[in-house]
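1. next one to model:
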Amino acid sequence: MKRTLAALAAAALLPLRLVGVAHADDALAAPDAPANLKAGVLCTDVGCRGGVTWTAPDDHGSPITSYTVADSSGQTTTVDGTTMHVDVYARPTDKTYTFSVVATNAIGTSTPASVTVDVQYAVPPLPYLDHTRPTIKRATLNGRVLKVRATDDRSGLARLQFGPKRSRHAKTVKIAKSPIVRTVPAKTRFVRVQDRSGNWSRWEAVQKHDN
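-> Got it, this is the predicted structure:
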């Protein structure tokens, strides 16, 4: 009789135990977003490097297996669940940088955590960071001799473009400094110059002087 009662009691408790196991499984979830993000980007005369660190979030009972970092340059890096920092090569043309980090476990992936920082420079900005336009002061054509006076205060002059009309397909030649003197077709009517950073001046009409 005692054995029968014990068996009945065990059978009655079994559903409760199963419910308890089910509740424990239901508690597992994707991790929270990584916490305490800190980042920085530094440019020197040899290039730009950046990095981001974070602390582990709540994993909700399922260990974090990896972290994935994406930055505003389009780079994506994945590290294991015990690593909480990533270093990247940064683009020198960006003034700010954004890093986003997600955590992943066996259940799923967290929402992203993000941080945006200003790019720091250990030296003055390099020539290719120049976003200013060169300026044509004067352009004259005497017969077929074109003379152009132009200025660029930062990266220096690199190319001259000229033609009968304003067109990006116009004849382009390399230059080094101003004033620019060059033999060109007599039908040349417009000119512009480009600096070493790739910035073009506005098109300027050539003042024609006949002998």
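2. could you say which helix or strand holds F162?
-> Following DSSP states H and E, the helix or strand that holds F162 is strand 157-163.
3. now do the helices in the protein.
-> The residue ranges that make up the helices of the chain, judged by DSSP state H, are 2-26.
4. who's in contact with the residue most central in space within it?
-> Central residue check for the chain by Cα atoms, centre = their mean: the C-alpha nearest the mean position is that of S73, 2.4 Å away. S73 sits next to V88, A90, R91, D94, Y97 when contact means Cβ atoms under 8 Å, 6 or more residues apart in numbering. Just so you know, the C-beta spots here come from the backbone N, C-alpha and C atoms, and that holds for glycine as well.
5. please name every helix or strand in contact with the strand holding F162.
-> Using 3 or more Cβ pairs under 8 Å, 6 or more residues apart in numbering; DSSP states H and E as the contact test, the elements touching strand 157-163 are strand 145-151, strand 171-174, strand 180-183, strand 190-195.
6. wait, L141 touches V206, no?
-> Yes: at 4.7 Å, L141 and V206 qualify as touching, with contact defined as Cβ atoms under 8 Å.
7. any residues in contact with both of those two?
-> Taking Cβ under 8 Å, 6+ apart as the criterion, L141 and V206 both touch T188.
8. who's more crowded, those two?
-> Taking neighbours as other Cβ atoms under 10 Å, L141 and V206 compare with L141 leading, 22 against 19.
9. shouldn't T151 be in contact with R138?
-> No: contact status for T151 versus R138: not in contact, 10.7 Å apart, counting by Cβ under 8 Å.
10. any idea which of the helices and strands packed on strand 157-163 is most buried?
-> strand 190-195 (a mean of 23; mean count of other Cβ atoms under 10 Å).
11. who does it touch, helix- and strand-wise?
-> strand 135-142, strand 145-151, strand 157-163, strand 204-205.
12. could you export these as TSV, including distance to D80?
-> Formatted as TSV, the entries for the helices and strands packed on strand 190-195 read as follows, by distance: least, Cβ to Cβ, whole Å:
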stretch	distance to D80
strand 135-142	54
strand 145-151	54
strand 157-163	47
strand 204-205	59
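13. right, and V101 touches A35 too?
-> No: judged on Cβ under 8 Å, V101 makes no contact with A35 at a distance of 9.6 Å.
14. quickly list what's touching both of these two.
-> The contact lists of V101 and A35 share W54, A113, where a contact means Cβ under 8 Å, 6+ apart.
15. more neighbours, these two?
-> More crowded of V101 and A35, by other Cβ under 10 Å: V101, with 27 against 13.
16. next, count neighbours for the closest residue to K95 other than its chain neighbours.
-> Excluding the flanking residues, the one nearest K95 by Cβ to Cβ, 6 or more residues apart in numbering is V119, at 5.7 Å. Counted with other Cβ under 10 Å, residues neighbouring V119 total 20.
17. again with D59
-> Applying other Cβ under 10 Å, I find that D59 has 20 neighbouring residues.
18. look up the pLDDT of it for me, please.
-> According to the prediction, D59 has pLDDT 94.
19. so it makes contact with P31?
-> Yes: under the criterion of Cβ under 8 Å, D59 is in contact with P31, at a separation of 4.7 Å.
20. shared neighbours, those two?
-> Residues touching both D59 and P31 (Cβ under 8 Å, 6+ apart): A103, N105.
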